[in-house]
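S.K.: below are the sequence and a predicted model for it; my questions follow.
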There are 2 protein chains.
Amino acid sequence: MEVWFTEKQTPNLAISCRVNKVLCSEQTPFQKLAILDTLEFGRMLTLDNVIQTTVKDEFIYHEMITHVGLNTHPNPRQVLVIGGGDGGSIREVVKHRQVEKARMVEIDGRVIEAAKEFLPELSCGYADPRVEILVDDGIKHVKDHQDAYDMIVVDSTDPVGPAKGLFNEAFYQNVHSALKEDGLFVAQTESPFFNRKLIKDIHQVLRRIFPIVRLYMAYIPTYPGGLWTFTIGSKRHDPVKAALDGLGDFNNKYYSPAVHRSAFVLPPFVEELVK
Amino acid sequence: MEVWFTEKQTPNLAISCRVNKVLCSEQTPFQKLAILDTLEFGRMLTLDNVIQTTVKDEFIYHEMITHVGLNTHPNPRQVLVIGGGDGGSIREVVKHRQVEKARMVEIDGRVIEAAKEFLPELSCGYADPRVEILVDDGIKHVKDHQDAYDMIVVDSTDPVGPAKGLFNEAFYQNVHSALKEDGLFVAQTESPFFNRKLIKDIHQVLRRIFPIVRLYMAYIPTYPGGLWTFTIGSKRHDPVKAALDGLGDFNNKYYSPAVHRSAFVLPPFVEELVK
């Protein structure tokens, strides 16, 4: 017998992965959570039937949502991750020795617990003494913390369900206030093929809030279309002009200083979203 | 009723596209040919049930398999396309004014005819007076032509079925002989995620034949994993060092001089294939 998991990435496009075993499947107070053991990508986390991350390809997303910003900021000591309950982003953040505090605010504690049990490759960073985990609302958290962080990573699901409030102007204003005077934030901002209006809208909103706004790309095989965008809003440091010499070698598989620079080179069909 | 086309990209991974209408479906002497009208990607060409190209995303593949090499060679006058019956590559080749002859050798005449009927956006280049179409075996063609071409584009299907002979040392030796003394060739060389051994093997073989061998990448949403590689073998001109100033503006949607350069920046997990 063959068992397949299928995600409708759009109403007219689907990805299917053959499943060895369903390790966990439950309704949390916030969403449907499942961890599947797939033959192609190893263990896979899905939320509301949408692929979030897999053991085989997660390195791309997690290296690119963290190191680009962390290597742009000259001294990122206080770092906040919003969402990211699987632990992959925190694992990358604590590779940076300057980081003194890596705080994660994840709204759904069940994601954290499931990651600890089934995704040790991702959640291993939780053991670092600099990590603090809060099961709380990230929207409320940034509202309540001002001038507190050097970098904020918005490691969210798609802009539906619990993550809806992480894609609007009021939230970005509060992120701006929660950052120190030379802070920056990074958010995953969906597909340049399927979410073009969203990317454009976010860019325009952020330009009213941050002096430096940059879009960059990475390729994520399990996300719709395979190409993904991230957006940086920064108060002072420009990721395009970052000095990337003398960085530590974290045995990255996707990120490198050259990849950092080339990630900001946008093909014309993407460039036109941010003009 | 919903009709879906499904391609098993690997034994454990599938992509499915909702289909509005099957425009053409037949067995040619070489392969199963179909043209589907899909809701997500518009008209789509499949061969042996594998997606070859779609009207919505074809610009990426066709711009990247042609302009990188054509802008590396200082004066590409005689150009050969092997395969590429849909016409997309020829359409891009004839955008270059230096090109005096764009010859296409496609083994399956039915692909050419179907493209002319159902894919005018791709096959429109066939009308250019510099284009010559031969329905013939590309392997035999390069064997029979020596010192004839400035650039050869190997726009093939996957290395199974009719394209199997386009991925081995004897063929690459004949490509080398068919090129003029400063000629270069480009081939599509599959996914750095799913075809790692193939990419590595091709690279090693080509290094024994060409003094300059380079791997570059582009993102193709309808191909497995969304990230794709191309390999250049060149007798003299290095695509990494190409002078890209003063190029004509072809209203490209993916290719630009900056994209040309960044396409050769490989993430470490790809770089290790060509070390």
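M.R.: Cool, the structure landed. Residues are numbered from 1 along each chain as shown, chains lettered A, B, ... in the order given.
S.K.: how many neighbours does the closest residue to chain B within the stretch 101-250 of chain A have?
M.R.: Residue of the stretch 101-250 of chain A nearest chain B, by C-beta to the nearest C-beta: residue A:226 (1.4 Å). Quick note: C-beta positions are derived from backbone N, CA and C, even for glycine. Neighbour count for residue A:226, taken as other C-beta atoms under 10 Å in any protein chain shown: 24.
S.K.: can you check residue A:11 too?
M.R.: Residue A:11 is flanked by 10 other residues according to other C-beta under 10 Å.
S.K.: re earlier: show me what contacts the residue nearest to the residue of the stretch 101-250 of chain A closest to chain B when sequence neighbours are not counted?
M.R.: Spatial nearest neighbour of residue A:226, excluding adjacent residues (C-beta to C-beta, 6 or more residues apart in numbering or on different chains): residue B:226 at 1.4 Å. The neighbourhood of residue B:226, defined by C-beta atoms under 8 Å, 6 or more residues apart in numbering or on different chains, consists of A:219, A:220, A:221, A:223, A:225, A:226, A:227, B:219, B:220.
S.K.: try residue A:77
M.R.: Going by C-beta under 8 Å, 6+ apart, residue A:77 touches A:98, A:99, A:100, A:101, A:150.
S.K.: what's the spacing between it and residue A:176?
M.R.: Distance, residue A:77 to residue A:176, by C-beta to C-beta, to the nearest Å: 19 Å.
S.K.: picking that back up, possible to save the contacts of residue B:226 as TSV with pLDDT, secondary structure and distance to residue A:274?
M.R.: Shown next, in TSV, are these (pLDDT from 0 to 100; DSSP: H, G, I helix; E, B strand; the rest coil; distance: C-beta to C-beta, whole Å):
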residue	pLDDT	secondary structure	distance to residue A:274
A:219	95	strand	19
A:220	95	coil	20
A:221	94	coil	24
A:223	94	coil	20
A:225	91	coil	18
A:226	92	coil	20
A:227	94	strand	15
B:219	95	strand	17
B:220	95	coil	22
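S.K.: who does residue A:19 bridge with?
M.R.: residue A:3, residue A:38 (DSSP bridges).
S.K.: get me the contact residues on the stretch 1-150 of chain A for chain B.
M.R.: Residues of the stretch 1-150 of chain A found near chain B (C-beta under 8 Å from any C-beta of the partner chain) are A:4, A:6, A:10-18, A:38-40, A:57, A:59-60.
S.K.: show me which pair in the contacts of residue A:77 is furthest apart.
M.R.: Farthest pair in the contacts of residue A:77 (C-beta to C-beta) is A:98 and A:101. Separation: 11.0 Å.
S.K.: any stretches of chain A with poor pLDDT?
M.R.: Chain A contains residues with pLDDT under 70 at A:248.
S.K.: tell me where the stretch 151-275 of chain A has strands.
M.R.: Applying DSSP state E, counting those that start in this stretch to the stretch 151-275 of chain A gives strands spanning A:179-188, A:212-219, A:227-234.
S.K.: give me the buried positions along the last one.
M.R.: Of the residues in strand A:227-234, those buried by neighbour count under the rule 16 or more other C-beta atoms under 10 Å in any protein chain shown are A:227, A:228, A:229, A:230, A:231, A:232, A:233, A:234.
S.K.: give me phi/psi at residue A:34?
M.R.: Dihedral pair for residue A:34: phi -140, psi 150, per degrees, to the nearest 10.
S.K.: residue A:21 is in contact with that one, correct?
M.R.: No. The criterion here is C-beta atoms under 8 Å, and residue A:34 misses it with residue A:21 at 11.3 Å.
S.K.: returning to that earlier point: would you list the buried residues of strand A:227-234 in TSV and tack on distance to residue A:186?
M.R.: Formatted as TSV, these follow (distance: C-beta to C-beta, whole Å):
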residue	distance to residue A:186
A:227	17
A:228	12
A:229	11
A:230	6
A:231	7
A:232	5
A:233	8
A:234	9
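S.K.: neighbours of residue A:49, how many?
M.R.: Residues within reach of residue A:49, counting by other C-beta under 10 Å, total 12.
S.K.: just residue A:2 next, same as before
M.R.: Residues near residue A:2, counting by other C-beta under 10 Å: 8.
S.K.: from residue A:9, how far out is the nearest residue to it once chain neighbours are set aside?
M.R.: Excluding the flanking residues, the one nearest residue A:2 by C-beta to C-beta, 6+ apart is residue A:18, at 6.0 Å. Here the distance between residue A:18 and residue A:9 works out to 17 Å (C-beta to C-beta).
S.K.: show me where the stretch 51-200 of chain A has helices.
M.R.: For the stretch 51-200 of chain A, applying DSSP state H, counting those that start in this stretch gives helices covering A:58-70, A:88-93, A:109-118, A:120-123, A:138-144, A:169-178, A:196-207.
S.K.: which of those helices sits most buried?
M.R.: helix A:88-93 (a mean of 28; mean count of other C-beta atoms under 10 Å in any protein chain shown).
S.K.: starting at the chain centroid, how far to that helix?
M.R.: Centroid separation between helix A:88-93 and its chain, computed with C-alpha atoms, centre = their mean, to the nearest Å, is 10 Å.
S.K.: please enumerate residues in contact with that helix?
M.R.: By C-beta under 8 Å, 6+ apart, helix A:88-93 touches A:53, A:58, A:61-63, A:65-67, A:70, A:79, A:81, A:84, A:99, A:102, A:104, A:122-126, A:128, A:131, A:153, A:155, A:250.
S.K.: quick one, which of the residues of the stretch 1-150 of chain A next to chain B are buried?
M.R.: Among the residues of the stretch 1-150 of chain A next to chain B, the ones that count as buried by 16+ other C-beta under 10 Å are A:10, A:12-18, A:38-40, A:57, A:59-60.
S.K.: can you redo those as CSV with distance to residue B:204?
M.R.: Shown next, in CSV, are these (distance: C-beta to C-beta, whole Å):
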residue, distance to residue B:204
A:10, 39
A:12, 41
A:13, 36
A:14, 37
A:15, 32
A:16, 34
A:17, 32
A:18, 32
A:38, 31
A:39, 29
A:40, 26
A:57, 26
A:59, 25
A:60, 26
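S.K.: enumerate the residues of the stretch 151-275 of chain A near chain B.
M.R.: Contact residues (C-beta under 8 Å from any C-beta) of the stretch 151-275 of chain A with chain B: A:193, A:219-221, A:223-227, A:252-256, A:258-259, A:261-262, A:265, A:267-269.
S.K.: straight-line length of stretch A:73-93, end to end?
M.R.: End-to-end span of stretch A:73-93 (C-alpha to C-alpha, to the nearest Å): 13 Å.
S.K.: and if you look at stretch A:88-97?
M.R.: 17 Å.
S.K.: same thing with stretch A:204-215?
M.R.: One end of stretch A:204-215 sits 12 Å from the other (C-alpha to C-alpha).
S.K.: distance from that stretch to the middle of the chain?
M.R.: On C-alpha atoms, centre = their mean, the centre of stretch A:204-215 falls 18 Å from the chain's centre.
S.K.: which other residues reach it?
M.R.: In contact with stretch A:204-215 (C-beta under 8 Å, 6+ apart) are residues A:168-169, A:172-173, A:176, A:184, A:189, A:199, A:203, A:229-240, A:264, A:266, A:270, A:273-274.
S.K.: returning to what we had before: closest one of the buried ones among the residues of the stretch 1-150 of chain A next to chain B to residue A:135?
M.R.: residue A:59 (25.8 Å).
S.K.: residue A:163 touches residue A:157, doesn't it?
M.R.: Yes. With contact defined as C-beta under 8 Å, residue A:163 reaches residue A:157; the gap is 4.4 Å.
S.K.: common neighbours of those two, please.
M.R.: residue A:83.
S.K.: show me chain A divided up by domain.
M.R.: Using automatic domain parsing, the domain parsing of chain A gives A:3-54, A:58-271.
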